[in-house]
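**Student:** build me a model from this:
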Amino acid sequence: MKFEKKESDISTEIVNAINEKFSTIAFAYKTPVSPYGKSGVSDVHVCFGSYLIVLEVKRPDKRANVTEAQLRFMQRIRLAGGRSAVVCSAQEAIDYIYSATANLKFDASVLT
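**Tutor:** Predicted structure coming up:
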């Protein structure tokens, strides 16, 4: 099955959804693409409260195409206390943020 959306379009949808859904506690942005950038850096970074969440965005038909550099970057974030995941849609990103932050300590009243 051919998937029509580009990863950059999915990333934009994810950033917009996170910034709308969690506007009082989170800030998401797309990592700028540059020939001078570091290899493997995840596509979307989210500051959630005081926690860092990085999301590697893939098209659904390319979910398994995560490079070694991307895996190493996500592992370093986890080792430093952050969270990371590979996601293919805005809803999947929102669901991951809910599950990844379920046990974190922050003022949950800002989510209402």
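
**Student:** what average pLDDT does the top strand by length along the chain get?
**Tutor:** Identified as the longest strand of the chain according to DSSP state E is strand 51-57. Across strand 51-57, pLDDT averages out at 96.

**Student:** in its sheet, what does it sit against?
**Tutor:** Here strand 51-57 has these sheet partners by DSSP bridges: strand 44-48 (antiparallel), strand 83-87 (parallel).

**Student:** need the contact partners of that strand.
**Tutor:** Residues outside strand 51-57 that contact it (CB atoms under 8 Å, 6 or more residues apart in numbering) are 7, 10-11, 14, 42-47, 66, 70, 73-74, 77, 80-88, 93, 96-97, 100-101, 104, 106. C-beta here means a position set from N, CA and C on the backbone, and glycine is covered the same way.

**Student:** give me the subset of those lying in strands.
**Tutor:** Per DSSP E, the contacts of strand 51-57 map to strands at 44, 45, 46, 47, 83, 84, 85, 86, 87.

**Student:** returning to what we had before: of all the strands paired with strand 51-57, which lies closest to residue 23?
**Tutor:** strand 44-48 (11.7 Å; CB to CB).

**Student:** about what we covered before: what's the closest of the strands paired with strand 51-57 to residue 19?
**Tutor:** Here strand 44-48 is closest among these (CB to CB), at 9.1 Å.

**Student:** buried sites along that closest one?
**Tutor:** 44, 45, 46, 48 (16 or more other CB atoms under 10 Å).
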